[in-house]
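A.B. asks: the following comprises the amino acid sequence and a computationally predicted model.
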Amino acid sequence: MGIELPDPLVNFGAGLGLTVTYGVPSRYNVGPEGRWWEAVRRELSELGGVIDERIGPRPITAAEYAGTVDMPPALVDEYLWKEGFIRNPFSRLKTLDGQPECGSWVYRESPLAPRQHHVMLFATDDARTHLYAHEEASSVNPRMGADHVDGNGQNIAEGVTWAREKLPLTIEKETPDPPEAAWTVAYEREQT
């Protein structure tokens, strides 16, 4: 349709995300047992993309690759939960070679933190998990919702570096230097 939702509506959506995410902060909602969100998230992202392409599915970029964990996604979910991450139920769906991510997790200093570290999980054929990452404006802070959706201040380099320092990752893919910029910059570089 080519429309962009107005910033006040996007910020209201962030407030709803805050309520859903932190109003019921249980394992079943935003923890490992919240895997049921992934099917809902795929549908919401597809539907949202019809209205506003900024919230529809997008390809993950090679620059966002942080590393690989020698565990299947379900065990990575458990690990991230124990490390203070929470599931990110309303995250825009990312795809890798046409395949949807199998998990979206964020680390925030507090529910209303202005920034978040976002890691996206992709299952491998050999029961391991590739993690992609970026750092960005919080998706659930009502003051930051529009910046989050627009990618303002998103920093791939910061997210990848942070994930590599915090998580037990091995680097298995040749990747470009992550930019200190949004995914759109990395995507444009990959297209040339």
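C.D. replies: That came through, no problem. Residues are numbered from 1 along each chain as shown.

A.B. asks: quick one: the helices in this protein?
C.D. replies: Applying DSSP state H to the chain gives helices spanning 7-23, 27-30, 37-51, 73-82, 145-150, 156-166, 183-191.

A.B. asks: would you convert the ones you listed into CSV that also reports mean neighbour count and mean pLDDT?
C.D. replies: Just so you know, the C-beta spots here come from the backbone N, C-alpha and C atoms, and that holds for glycine as well. Shown next, in CSV, are the helices of the chain (neighbours: other CB atoms under 10 Å; pLDDT from 0 to 100):
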stretch, mean neighbour count, mean pLDDT
helix 7-23, 16, 94
helix 27-30, 16, 93
helix 37-51, 15, 95
helix 73-82, 18, 98
helix 145-150, 22, 95
helix 156-166, 19, 97
helix 183-191, 16, 94
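
A.B. asks: Throw the ones you listed into CSV and include distance to A63, thanks.
C.D. replies: Below are those laid out as CSV (distance: least, CB to CB, whole Å):
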stretch, distance to A63
helix 7-23, 25
helix 27-30, 27
helix 37-51, 21
helix 73-82, 21
helix 145-150, 19
helix 156-166, 5
helix 183-191, 4
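
A.B. asks: and of those, who's closest to A62?
C.D. replies: Nearest to A62 among the helices of the chain is helix 183-191 (6.2 Å), distances taken as CB to CB.

A.B. asks: follow-up on the earlier one: nearest to L112, out of the helices of the chain?
C.D. replies: helix 7-23 (7.5 Å).

A.B. asks: and that closest one, what does it pack against?
C.D. replies: Counting contacts by 3 or more CB pairs under 8 Å, 6 or more residues apart in numbering; DSSP states H and E, helix 7-23 packs against helix 27-30, helix 145-150.

A.B. asks: right, so of those helices, which gets closest to L5?
C.D. replies: Once the helices and strands packed on helix 7-23 are compared by CB to CB, helix 145-150 is nearest, at 7.8 Å.

A.B. asks: and the closest one, what does it pack onto?
C.D. replies: Against helix 145-150 (3+ CB pairs under 8 Å, 6+ apart) you get helix 7-23, strand 129-137.

A.B. asks: again, only this time at 10 Å
C.D. replies: With contacts defined as 3 or more CB pairs under 10 Å, 6 or more residues apart in numbering; DSSP states H and E, helix 145-150 has these neighbours: helix 7-23, strand 115-123, strand 129-137.
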